[in-house]
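Engineer: quick one: sequence and predicted model below, then my questions.
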Amino acid sequence: MVRRPRFCHLWRLQRKPVIEMYRQRFYPRLFKAQPSRPRYSAALARWLLSGLWGLLISFFIQPGPLFAANAPIRLEIDYHMPEAGEVFLVWGIDGWQPLPNEQLPPRTMLENGVMHTPMTRNGDMFQAQIEVPAGVTLDYGFQIRSTQSGIPIDWVWDGDYTKMVSENSLIEATADFDLISPQEIQYHQPDAGAVFLVWGVNGWASVPEALRPPDTNLKDNVMYTRMTRQGEVFVTKIQAPGKATIDYNFLVTQTKAGTPIEVWEADNSNDFHTTLPQRHIIDVESKLDLSDLDAATPFAPIILPVLISLSLILTVSTTFFIKSNAGLDKFISSTQFRRLIYLRDLLREMVARDMKLRYKRSILGVAWSLINPLVQLLVLQLIFGVVLNLDIPNYSVFLFTGLLVWTWFQSGLFSAAGVIVDNPDLIKRPGFPVAILPIVTVTTHLVHFLLALPILFGFLIFSGVQVTTVVLVLPLIILLQFLLTLSLSYFVAAAHVNFRDTQYLLGIILLLGFYLSPIFYNISVIPESYRWLYYLNPMVSLIESYRTVLMQGQLPSLLPSFILLGMSLVILILGHSIFTRVSYKFVEEI
């Protein structure tokens, strides 16, 4: 059978003489007749071509090792810091250089030429994924911007790590410090009476308000924290972000004898600086000699007793002067003087009667007036001193002082509300001075307050708080509270006669006042923008005056005290006037 040639073969046969003629005519030297040999070159060319096609196809399907050097390296970075709330990965390559903008990972920002990538929280760790070129050096660190509770602390830095990148990998890092590091600072200065810790972090920056200790004020953006005296050492506790540098100094504002001074432990060029470890006690020995300051004012410790003594001498001298006057007998025999003596004796007898009737047939008697604040002290001490731990120095004394002051105020007002309704026999008696009943109520609870004062002084001594001569102004603060309580008592006593729901409304108002007064917490927890509103509560200044005198050994602020005194006198005059005007209706209403 004869095989017919295909068209392509015919085409090759027809063009072969033409090609040979072309070669021999134009390239006689290059195209000479060669002896025939096997066509291994064509087979080899086809094999190489098929191999190249295979490599090209495999490159598009899955990059092989031949081209791995041009592919980016994918890294996953895990940072273990359970106390943090927001963490940023701060990174760069080959000396903190940033990547081109088109290669930046999503949500990555450039700050001062350094890349910041927010990390995603996953349980107790934070994760981030980035891509970098192969063969580079990765420089990275972690910037913590807030705690888990939301407190902003954007200066906490954990970093300066480096790693050579060659393949896809997982990088893990664990924080080796506490995010919020509690520190106790002790300052040994036995001759000082009052000391402030003046401090900041990382160049005198102030910490967030939630981290500031009680009794901390800002002056020129620098924190001033009052230190508590414990024997011959002044102590305070602060909180600062981990790995921060504390800048601090000590300002002595009063000597042990009570002399007001203003002396710094170190000058501006020699401030103290401490980089925080995990937990630490900073102990500083003072190099100041305060004895010379007391020697310069030798009468400073006795200024207050001398003033009180001069007042007594002036009073006695005035009495003798009046007695030597011929008009003294006329004054003593006058009706006004006899009425004053009568009211004094009546007040004494009614207070004694009230005390006897209150604890009649009681086994513990007057001790019940102390049990109530002591039980409150135990409960609040357990809750806010142990469980929640408000971190207030000498919290037992702090709390008991507030409870005693508030108990007198609350009990006096609550009893005064029903003093008219509860004594109808006295009201109906002709000539009885009705206006003395609120005074009797407030004075009775003043006696309970005075009976509890020795226990308060026992707490002060047991806690190591030094009682100074400033305590002699305590009677003035007690008198101020007496006037405030009495002035409000006249209003509630008159209102309850006509409106019997007054006592129930007063109970609600006093309950709100308990939580709106700094009894179990410090004023420093109140935001500064709302403190002006908070100080409208008169009990705030009154409680702080007690604590300033008893716990800090200093005189209270004069301006709030004079404002409170003026307000109490105005309310007292107005309340007594209204009470006297409506008193003629009491017999009909009860």
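Structural biologist: Right, received. Where do you want to start? On a predicted model such as this, the values are computed, not experimentally measured, just so you know.
Engineer: pull up the gap between the spatially most central residue of the chain and T147, please.
Structural biologist: Nearest residue to the geometric centre of the chain (CA atoms, centre = their mean): A210, 3.2 Å. Applying CB to CB, to the nearest Å, the value for A210 to T147 is 9 Å. For the C-beta atoms, the positions are set from N, CA and C on the backbone; glycine is no exception.
Engineer: K287 now?
Structural biologist: Using CB to CB, we find K287 at a distance of 37 Å from T147.
Engineer: those two: who's more crowded?
Structural biologist: Applying other CB atoms under 10 Å to K287 and T147 shows that T147 carries more neighbours, namely 20 against 8.
Engineer: which non-adjacent residue is nearest the more buried one?
Structural biologist: G85 (5.3 Å; CB to CB, 6 or more residues apart in numbering).
Engineer: so that neighbour sits against I153, correct?
Structural biologist: No. Here G85 lies out of contact with I153, judged by CB atoms under 8 Å, at a distance of 9.2 Å.
Engineer: the closest residue to P105 other than its chain neighbours sits in which helix or strand?
Structural biologist: Leaving aside its sequence neighbours, P105 sits nearest to I130 (CB to CB, 6+ apart; 5.2 Å). Assigned by DSSP states H and E, I130 falls within strand 125-132.
Engineer: contacts for that strand?
Structural biologist: 72-82, 84, 87, 89, 91, 93, 99, 103, 105, 117-120, 138, 142, 165 (CB atoms under 8 Å, 6 or more residues apart in numbering).
Engineer: the longest strand in this protein is where?
Structural biologist: Using DSSP state E, we find that the single longest strand of the chain is strand 152-164.
Engineer: that strand pairs with which strands?
Structural biologist: Here strand 152-164 has these sheet partners by DSSP bridges: strand 137-147 (antiparallel).
Engineer: now stretch 496-507: average pLDDT?
Structural biologist: Average pLDDT, stretch 496-507: 88.
Engineer: contacting residues around that stretch?
Structural biologist: Contacts of stretch 496-507 (CB under 8 Å, 6+ apart): 413-414, 417-418, 420-421, 492, 495, 582, 585-586, 589-590.
Engineer: Y521: which of the residues you listed is nearest?
Structural biologist: Set against Y521, the nearest of the contacts of stretch 496-507 by CB to CB is L413 (22.2 Å).
Engineer: by contact count, what packs against whatever helix or strand the closest one lives in?
Structural biologist: Using DSSP H and E, the element containing L413 is helix 395-417. When contacts are defined as 3 or more CB pairs under 8 Å, 6 or more residues apart in numbering; DSSP states H and E, helix 395-417 sits against helix 368-380, helix 436-462, helix 474-498, helix 502-515, helix 538-550.
Engineer: would you reformat those as a markdown table and include mean neighbour count and distance to N394?
Structural biologist: Output for the helices and strands packed on helix 395-417, formatted as a markdown table (neighbours: other CB atoms under 10 Å; distance: least, CB to CB, whole Å):
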| stretch | mean neighbour count | distance to N394 |
| --- | --- | --- |
| helix 368-380 | 15 | 13 |
| helix 436-462 | 18 | 8 |
| helix 474-498 | 20 | 18 |
| helix 502-515 | 14 | 21 |
| helix 538-550 | 21 | 10 |
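Engineer: using the record's assignment, carve the protein into domains.
Structural biologist: As given by automatic domain parsing, the domain ranges for the chain are 69-174, 180-296, 338-589.
Engineer: hmm, back to that, list the buried ones in the strand holding I130?
Structural biologist: Buried residues in strand 125-132, defined by neighbour count with 16 or more other CB atoms under 10 Å: 125-128, 130, 132.
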